[in-house]
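Novice: Quick one: sequence plus predicted model below, questions after.
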Amino acid sequence: ERRPARTMQLVLEAAFHSDDEEQHNTLQLWGRMRALLASATALLAHGSPSVALRRGLSYYHHRVAVDLPLAAEHARAAVQVAEGLHGAGVAHPAVAASLGNLGTVLQAMGKLPEALAMQQRSLAMKEELHGAGVAHPDVAASLNNVGNVLKAMGKLPEALAMQQRCLAMLEELHGAGVAH
């Protein structure tokens, strides 16, 4: 009986986990997420400690169902599970991604100081993982996220500085003036 549950967990994690931002915007993925939601929720009721599953549910409740408190609950759980697996304060891609996701949900809820703290932690971790000053798409995305929260807080000079760092990094990665 545990084997089918584990198989279902792996299928759900694969369905919810994607690093391709464009894929998240397709109707096909939304349909898959809606269809898998009941099974995913049932797995969590049985104590399934999965970072990808929690992040996927957070993303679903944030972007599709627009149930921000539930999205935040899953995002916080993803951070806890990731830190439990990899160590609190340890730089790991799963922890950094989970912190960034939590920051995005908190920003949508209007909890801007907490959102900023999560995005800054995510950025610091990604810079530690990829090297300070090294151009990397994950670091650029985090610079953009921090800039977006600062802009929402009305801290426009700081937001502009983050967005300029993001742009410079993207131009270094892809070339100046290249559409990406």
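Specialist: Now that the structure is in, tell me what you want to look at.

Novice: and the residue most central in space within the chain, what is it in contact with?
Specialist: Centroid check for the chain by Cα atoms, centre = their mean gives residue 101 as the closest residue, at 2.9 Å. If a contact means Cβ atoms under 8 Å, 6 or more residues apart in numbering, then residue 101 has 55, 58, 59, 75, 78 as its contacts. Every C-beta, even on glycine, is put in place using the N, C-alpha and C of the backbone.

Novice: what residues does the helix or strand hosting the fourth one touch?
Specialist: So the one you mean is residue 75. Following DSSP states H and E, one finds residue 75 within helix 68-86. If you take Cβ under 8 Å, 6+ apart as the criterion, helix 68-86 is touched by 49-51, 54-55, 57-62, 65, 89-90, 92, 94-95, 97-99, 101-102, 105-106, 108-109.

Novice: could you redo the last one with a cut-off of 7 Å?
Specialist: If you take Cβ atoms under 7 Å, 6 or more residues apart in numbering as the criterion, helix 68-86 is touched by 49-51, 54-55, 57-58, 61-62, 92, 94-95, 98-99, 101-102, 105-106, 108-109.
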